[in-house]
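J.: Predicted model and sequence follow; I will ask about them next.
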Amino acid sequence: MKNQSWIVDRASTGTYDPRCFCLIEGPIPSAPDGKIVVQTLLMSLDPTNLNWLKLDPQLQAIPFGIGYPMIGVSIGVVIESRAPAHAVGDVVTGMWGWRRFDVVDPLLVHPAKPATEMSFEQQLAIFSHVGRAAAGGMTLIGEVKPTDAVLVSGAAGATGSLAARIAKAQGCRVVGIAGGPDKCEFLLDELNSTVRSTTSKKTFARPSTGTSRAVSTCSSTMWVGKIDAVLTNMAVGCRIVLCGAISQYNISEPSNLYGVQNLPLLIFRSARLQGFVADFGPRNHVVDNLLDDLTQRGQLIARTHVVDGFENVPDALALLLNGKNRGKLLAQV
Ligand SMILES: NC(=O)c1ccc[n+]([C@@H]2O[C@H](COP(=O)([O-])OP(=O)(O)OC[C@H]3O[C@@H](n4cnc5c(N)ncnc54)[C@H](OP(=O)(O)O)[C@@H]3O)[C@@H](O)[C@H]2O)c1
């Protein structure tokens, strides 16, 4: 068997073009001292991969450039170990290259749960940066209280749907925004029908009747014109938690980037808007415990969208931009 890697061939600065990747083949690597070789089983495909592809150091978690493989969070099995903490056959999760086989630093991975306990799909969707963004965004950053009216954008997506479920589990009234009738049906049916929805992605003006001037927490994944509407509908003391801005990830002309108009309303509503990445340092365990607790109680189930085949990964990334993914986008290798 040969190794295959998706290598960044050029920066993707405008509209995403899967041809900014090239597939290269090579031998399966060997583990140097202290390292392990992992065979990738399941990959998480994320909007942030589109950011990293811009090759702007300000947008990258780990610096890399042309000629390097794209990186991401995956689950895989150890096929060679020269690290004391890992044995061949261990299943681990963490961040490594978009490769069928990669040499991995054991410090960057941790054991996955057995598939019999929780499917690998659910693990990547919940016990990952995605679940952490949703749980940490709602609790540590958004500080939700049961009396809050919570507005979630991208509410049918991987992060948004978990954020909506977490807010509901805290007893909040939750309103979701999603693109299209079937996504809104999903919000109504599967999130226990107390989540209300709107299809008005393009024409959105107010969160929904009854939430006007009462949005206490907003979990935003998209930015765009919605943020201006949210700003006009904030309750006093509103917290807007911003983990993403996907509407801005695929824009070729800087002049087309969205300029927020209503920011001064933060002043008059004593509100705050805070961005974050899903790493809360010493508080990660608080977030992980919450995810664990809600999962054990059956209150946190992720919808997943699994694409088959390592060779289809660059094309699959486009599903995030055209809204065709139905849940956490993953690739089965
Ligand atoms: N800060 C962090 O650590 C962190 C961690 C995880 C995710 N995130 C962010 O969270 C956001 C969602 O990520 P995800 O993995 O959960 O993806 P997702 O929501 O499962 O999928 C992306 C969704 O974004 C919406 N979308 C795409 N283009 C859009 C546009 N131009 N305008 C408005 N909506 C658009 C589509 O949903 P609709 O069809 O419903 O509009 C699409 O299905 C991203 O911005 C990502 O960067 C951040």
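T.: Happy to help now that I have it.
J.: which ones are touching the closest residue to L162 other than its chain neighbours?
T.: Closest residue to L162 in three dimensions, ignoring its sequence neighbours and counting by Cβ to Cβ, 6 or more residues apart in numbering: A134, at 3.6 Å. All C-beta atoms are positioned from the backbone trio N, CA, C, and that covers glycine. Listed by Cβ atoms under 8 Å, 6 or more residues apart in numbering, the contact set of A134 reads T159, G160, L162, A163, I166, S219.
J.: Tell me which helix or strand the fifth one sits in.
T.: To tie it back to what came earlier, the one meant is I166. helix 158-169 (DSSP states H and E).
J.: now that helix: mean pLDDT?
T.: Mean pLDDT, helix 158-169: 94.
J.: any idea which helix or strand comes after it?
T.: Taking DSSP H and E, what comes next after helix 158-169 is strand 173-177.
J.: measure stretch 296-303 end to end?
T.: 17 Å (Cα to Cα, to the nearest Å).
J.: Pull the distance from it to the chain's centre.
T.: Put simply, stretch 296-303 sits 17 Å off its chain's centre (Cα atoms, centre = their mean, to the nearest Å).
J.: Other residues contacting it?
T.: Contact partners of stretch 296-303, identified using Cβ under 8 Å, 6+ apart, comprise 121-122, 125-126, 130-131, 156, 158, 161-162, 165-166, 168-169, 186, 190, 291, 294, 326-328.
J.: mind running it again at 10 Å?
T.: With contact meaning Cβ atoms under 10 Å, 6 or more residues apart in numbering, stretch 296-303 is reached by 119, 121-128, 130-131, 134-135, 156-159, 161-162, 165-166, 168-169, 186, 190-192, 290-295, 325-328, 330.
J.: Those: which ones sit near the ligand?
T.: Restricting the contacts of stretch 296-303 to those adjacent to the ligand (criterion: Cβ under 6 Å from any ligand atom) gives V130, A156, G157, A158, T159, N325.
J.: Of all pairs in the residues you listed, which one is the farthest apart?
T.: V130 and A156 (13.8 Å; Cβ to Cβ).
J.: and A316, how many neighbours does it have?
T.: Per other Cβ atoms under 10 Å, the neighbour tally for A316 reads 21.
J.: swap in the one 10 residues further on?
T.: Summarising burial for R326: neighbours were counted as other Cβ under 10 Å, giving 16.
J.: Could you confirm it falls within a strand?
T.: No - applying DSSP: H, G, I helix; E, B strand; the rest coil, one finds R326 to be coil, outside a strand.
J.: Can you list the residue ranges for strands in the stretch 1-150 of the chain?
T.: 3-8, 21-26, 36-44, 71-81, 91-97, 101-104, 109-111, 149-153 (DSSP state E, counting those that start in this stretch).
J.: Next, the angle strand 3-8 makes with the third one.
T.: Read it as strand 36-44. 60 degrees (axes from the mean of the first three to the mean of the last three Cα atoms, to 10 degrees).
J.: What of the longest one?
T.: On the basis of the same axes, to 10 degrees, strand 71-81 is oriented at 160 degrees to strand 3-8.
J.: quick one: strand 71-81 near the ligand?
T.: No - contact between strand 71-81 and the ligand is absent, the nearest approach being 10.0 Å (criterion: Cβ under 6 Å from any ligand atom).
J.: what lines up beside that strand in the sheet?
T.: Using DSSP bridges, strand 71-81 pairs in its sheet with strand 36-44 (antiparallel), strand 91-97 (antiparallel).
J.: Just the buried residues of the first one, please?
T.: I take that to be strand 36-44. Buried residues in strand 36-44, counted by 16 or more other Cβ atoms under 10 Å: I36, V37, V38, Q39, T40, L41, L42, M43, S44.
J.: quick one: which of the contacts of A134 is most hemmed in?
T.: A163 (34 neighbours).
J.: neighbour-wise, which of V130 and A156 wins?
T.: Higher neighbour count among V130 and A156: A156, with 28 against 24, using other Cβ under 10 Å.
J.: how about the residue sitting nearest the centre point of the chain, what does it touch?
T.: Residue closest to the average C-alpha location in the chain (Cα atoms, centre = their mean): V130, at 4.1 Å. The contact partners of V130, by Cβ under 10 Å, 6+ apart, come to 44, 46, 73, 124, 157-159, 161-163, 243, 278, 302, 328.
J.: out of these, who's nearest the ligand?
T.: Lowest distance from the ligand to the contacts of V130 (Cβ to the nearest ligand atom) belongs to G157, with 1.9 Å.
J.: My guess is the closest one contacts G179. True?
T.: Yes - using Cβ atoms under 10 Å, G157 is in contact with G179, at 9.2 Å.
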